[in-house]
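>>> generate coordinates for the sequence data below:
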Amino acid sequence: MFPLINKQETGVNLRRIMDMRGIAPKDVQEYLGLGCVQSVYRWIDGVNMPTIDNLYALSELLQVPIDAIVRGNRAPIVPDIIVKPLDSRESRLCAYYEKLQEKRAA
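Okay, here's the model as predicted:
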């Protein structure tokens with residue numbers, strides 16, 4: 001049998017990495033320039049898969065290789081990535097970004 005991608009496991013894994021990075025679906029939508037946030041939720045729910053271009057961009061945003069995001073029926077090439085928490089400088093930058101987004105929305 002040839003390797004197949006498991007959309008549900010990939011979605012669960014994507015959510016896990018996003019949570020560990022403190023990145024919300026809305027942040028992914030804005031970063032990728034998607035028309036609506038529902039696309040990201042469909043990936044997380046395992047309904048759809050991101051395009052290869054979006055996977056490439058997600059790997060940059062999440063700072064992990066594409067193989068660390070995608071799950072399938074073969075043994076993983078990349079072992080489970082332990083996503084390290086952001087350091088204090090990165091945390092401050094993320095907090096500043098969130099406040100900036102709140103001011104834009106107001």
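>>> rest of the way, CA atoms for contacts and neighbours
Will do.
>>> buried stuff in the helix or strand containing residue 61?
Using DSSP states H and E, residue 61 maps to helix 52-62. Residues of helix 52-62 classed as buried by neighbour count (16 or more other CA atoms under 10 Å): 54-55, 57-59, 61-62.
>>> so residue 40 sits against residue 27, correct?
No: using CA atoms under 8 Å, residue 40 is not in contact with residue 27, being 9.8 Å away.
>>> those two - which one has more neighbours?
Using other CA atoms under 10 Å, the more surrounded residue of residue 40 and residue 27 is residue 40, with 24 against 17.
>>> now that one, nearest residue through space, not along the chain?
Take residue 40 and drop its neighbours on the chain: the residue closest to it by CA to CA, 6 or more residues apart in numbering is residue 25, 5.9 Å away.
>>> what number of residues lie near that neighbour?
18.
>>> that one reaches residue 42, doesn't it?
No: with contact defined as CA under 8 Å, residue 25 and residue 42 do not form a contacting pair (10.4 Å).
>>> noted, bye for now.
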